[in-house]
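Peer 1: One predicted model, sequence on top.
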Amino acid sequence: MTNQQNINIGIQSNDGTGDSIREAFRKTNDNFNILFAQQNPTTSIVNSITAGTATYVSTSSGDITIWINTTTFVGATGPTGRQGIQGIQGPTGLPGQKGDTGAQGDTGAQGVSVTLKGTVASSTNLPPTGNVLDDGYITSDTGNLWFWGVGNIWHNVGKIVGPVGPTGAASSITGPQGLTGATGPTGFTGPAGTFSGSAITGIIQSTGVTVSITSNVATISIGQAVATSNNVQFNSIGVGTPAAGTAGDIRSTGNVTAYYSSDLKFKENIQNIPNALSNVTFIGGKIFDWTDEYIKERGGEDGYFIQKSDFGVIAQDVLAVFPRAIRKREDGSLAVDYEKLCVLAFEAIKELKNEIDELKVTVLDYISNTRGTQ
């Protein structure tokens with residue numbers, strides 16, 4: 001073998017175009033053999049070089065020096081392979097601790113206070129002029145409440161009550177008896193006499209009392225019987241205190257205990273009160289001062305039965321949503337049946353409880369669904 005052999009190192013590292021390591025060392029051995037043959041044709045300097053190692057050769061003064069690097073050749077890093085398939089998602093972690101309660105929100109704007117002026121057939125019948133701020137009307141066709149507000153226009157609050165029912169039959173209840181006139185002056189006491197003939201010579205009559213004498217027998221009659229089995233009517237009554245003097249008033253310094261008929265056997269057409277919660281909300285509760293005229297008509301302020309500052313409801317508000325609890329007196333004023341009005345509050349509480357129960361179910365469903373998606 002007399003020709004030098006070149007090692008093909010390829011175009012790029014590990015691209016497969018050059019000689020293999022074994023082939024490269026074989027060519028190296030052949031080239032060394034050529035050099036050795038030129039220096040000493042009869043002696044073989046290199047018998048073999050182990051493939052798989054890096055060998056460096058240099059010549060100086062006719063000597064051949066071989067360096068063998070025991071470090072294995074490492075090619076350049078190849079291109080990054082394609083990303084593998086994403087693994088299955090692990091199980092959901094335990095829920096975190098409940099966060100602190102957020103700060104309380106701002107207080108909402110105050111609601112509208114409406115001065116109810118009456119009812120109209122529909123919204124087209126609302127008066128276009130002569131209104132002041134917060135004047136209100138209820139439309140009979142829809143039961144909606146309208147009030148005069150910003151922009152000098154009518155604003156629709158929404159349904160407050162149902163349509164106005166038909167007018168009830170005229171009452172047949174007789175009004176209270178008029179005031180009793182003043183008692184006439186007492187006559188002078190006559191001189192003592194002796195019994196002879198008629199025992200009674202005369203009796204003075206007064207309002208509500210009549211006197212008749214027949215055969216020396218005097219009969220005194222008052223306007224009504226007062227036996228325990230009789231029906232008695234008084235103008236006003238005071239128990240433990242003077243009577244008010246106002247027709248129909250009853251005053252008592254002690255407890256007045258009474259019971260009302262309410263047995264099921266006396267009732268029919270029994271129904272729940274509709275819209276009780278909205279009615280109670282509309283009526284509300286008020287504190288107020290009685291007018292001086294009202295106090296004067298009832299004998300003046302006494303700090304017990306009659307006092308200037310008081311609390312209660314406004315009859316016109318009750319009339320607008322629950323007219324069953326209103327009575328109209330002979331002077332045209334309205335009176336409220338306060339004792340029965342509490343039943344409206346009972347039904348309103350029941351409606352409110354139903355709404356709270358529905359909200360509880362909604363919240364629990366939301367919590368359950370939220371945890372199920374985590």
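Peer 2: Okay, I see it. Numbering: from 1, shown residues only.

Peer 1: how about the strands of the stretch 251-374 of the chain, start to end?
Peer 2: Remark: strands assigned in the stretch 251-374 of the chain by DSSP state E, counting those that start in this stretch are 286-289, 309-312, 326-328, 334-336.

Peer 1: Let me know the pLDDT of Asn216.
Peer 2: Asn216 is assigned 67 on the pLDDT scale.

Peer 1: follow-up on the earlier one: in CSV: the strands of the stretch 251-374 of the chain, plus mean neighbour count and mean pLDDT.
Peer 2: All C-beta spots, glycine's among them, are computed from the backbone N, C-alpha and C. Formatted as CSV, these follow (neighbours: other CB atoms under 10 Å; pLDDT from 0 to 100):
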stretch, mean neighbour count, mean pLDDT
strand 286-289, 10, 95
strand 309-312, 10, 94
strand 326-328, 14, 94
strand 334-336, 15, 95
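
Peer 1: Now render those as a markdown table, adding distance to Asn6.
Peer 2: Shown next, in a markdown table, are these (distance: least, CB to CB, whole Å):
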| stretch | distance to Asn6 |
| --- | --- |
| strand 286-289 | 116 |
| strand 309-312 | 119 |
| strand 326-328 | 123 |
| strand 334-336 | 123 |
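
Peer 1: what helices or strands is the lengthiest helix in the chain leaning on?
Peer 2: Criterion DSSP state H: the longest helix present in the chain is helix 338-372. Helix 338-372 makes packing contacts with helix 276-283 when contacts are defined by 3 or more CB pairs under 8 Å, 6 or more residues apart in numbering; DSSP states H and E.

Peer 1: what does the helix it packs on rub up against?
Peer 2: For helix 276-283, contacts defined as CB atoms under 8 Å, 6 or more residues apart in numbering pick out 160-161, 273, 313-314, 317-318, 320-322, 344-345, 347-348, 350-352, 355.

Peer 1: what do you get for stretch 97-114?
Peer 2: Under CB under 8 Å, 6+ apart, the answer for stretch 97-114 is 134-136, 145, 147, 149, 157.

Peer 1: Tell me which two in those are the farthest apart.
Peer 2: The largest separation in those, counting by CB to CB, is between Asp135 and Val157 at 12.7 Å.

Peer 1: more neighbours, the two?
Peer 2: Asp135 (19 against 16; other CB atoms under 10 Å).

Peer 1: how near is the more buried one to Leu116?
Peer 2: Using CB to CB, to the nearest Å, Asp135 is found at 9 Å from Leu116.

Peer 1: Also Ile295?
Peer 2: Note on Ile295: its distance to Leu116, by CB to CB, is 25 Å.

Peer 1: the more surrounded of those two?
Peer 2: Per other CB under 10 Å, whichever of Ile295 and Leu116 has more neighbours is Leu116, with 20 against 16.

Peer 1: so which helix or strand takes in that one?
Peer 2: Following DSSP states H and E, one finds Leu116 within strand 115-120.

Peer 1: Return the alpha-carbon coordinates of that strand using PDB.
Peer 2: Below are the C-alpha coordinates for strand 115-120, written out as PDB (Å, rounded to 0.1, in the frame of the first residue of the first chain):
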ATOM      1  CA  THR A 115     -98.400  61.700  49.600                       C
ATOM      2  CA  LEU A 116    -101.300  59.600  48.400                       C
ATOM      3  CA  LYS A 117    -103.900  61.900  46.800                       C
ATOM      4  CA  GLY A 118    -106.400  59.300  45.700                       C
ATOM      5  CA  THR A 119    -107.200  57.000  42.800                       C
ATOM      6  CA  VAL A 120    -107.700  57.600  39.100                       C
END
